[in-house]
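1. here is a sequence together with a model predicted from it:
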Amino acid sequence: MGISVRGVGHVVLKVRDLDRSAQFYREVIGLKEVARFPGRMVFFSATGQNHHDLALLAVGAGAPGPQQEAVGLYHVALKIGDRLEDLRAAKAHLAAHGITKIRVTDHRVSQSIYLNDPDGNGLELFVDADPAIWRENPAAVATIEPLEL
């Protein structure tokens with residue numbers, strides 16, 4: 001019998017400048033900072049339901065950025081709602097913070113905005129569509145189409 005995974009507990013991202021990245025995740029992404037390991041890590045909660053959902057680990061200013069064709073994490077997906085209005089509001093919020101290098105995608109099962117954090121770590125901000133779409137047709141998960149907001 002295999003391991004019974006019950007969910008994803010948290011994600012830890014490596015960053016060059018801990019304060020700059022913490023500010024981005026607080027002010028732009030909207031996560032709540034819950035704790036710090038001084039000079040080394042910052043911990044965030046999305047909803048207050050978990051002790052932390054995301055943490056940042058400082059690796060130093062000279063650390064190389066993520067390479068597009070290298071093995072490793074592609075992106076972290078953060079659910080921001082269930083309505084396209086939530087996604088539109090997020091796009092406007094990003095623009096107000098000077099973040100315009102984004103990609104907007106319709107996956108049928110969800111709609112998403114893709115962007116990078118200050119260190120080039122990939123983020124997906126998404127809203128879910130009706131779960132019946134993927135429950136009735138699991139292959140719908142493999143849909144990638146452009147989306148106009």
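-> That came in fine, so what should we check first?
2. can you pull out the strands in this protein?
-> Along the chain, the segments classed as strands by DSSP state E run 11-15, 32-37, 41-45, 54-58, 76-81, 103-106, 110-116, 122-128, 145-146.
3. could you say what helices and strands the third one packs with?
-> Just to be clear, that refers to strand 41-45. helix 18-23, strand 32-37, strand 54-58 (3 or more CB pairs under 8 Å, 6 or more residues apart in numbering; DSSP states H and E). To be clear about C-beta, it is placed using only N, CA and C from the backbone, and glycine gets the same treatment.
4. give me the contact list for that strand.
-> 12, 18, 21-22, 25-26, 31-37, 51-58 (CB atoms under 8 Å, 6 or more residues apart in numbering).
5. count the residues that sit near Tyr114.
-> Counted with other CB atoms under 10 Å, the neighbours of Tyr114 add up to 17.
6. that one - nearest residue in space that isn't next to it in sequence?
-> Leaving aside its sequence neighbours, Tyr114 sits nearest to Arg103 (CB to CB, 6 or more residues apart in numbering; 4.3 Å).
7. scan the protein for its longest helix.
-> Counting residues, the longest helix found in the chain (DSSP state H) is helix 84-96.
8. hey, C-alpha coordinates of it in CSV?
-> The C-alpha coordinates for helix 84-96 follow below in CSV (Å, rounded to 0.1, in the frame of the first residue of the first chain):
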residue,chain,number,x,y,z
LEU,A,84,-13.7,36.0,-13.6
GLU,A,85,-14.3,39.3,-11.8
ASP,A,86,-11.7,38.1,-9.2
LEU,A,87,-9.2,37.5,-11.9
ARG,A,88,-9.9,40.9,-13.5
ALA,A,89,-9.4,42.6,-10.2
ALA,A,90,-6.1,40.8,-9.7
LYS,A,91,-5.0,41.9,-13.2
ALA,A,92,-5.8,45.5,-12.3
HIS,A,93,-4.0,45.2,-8.9
LEU,A,94,-0.9,43.8,-10.6
ALA,A,95,-0.9,46.6,-13.1
ALA,A,96,-1.3,49.2,-10.3
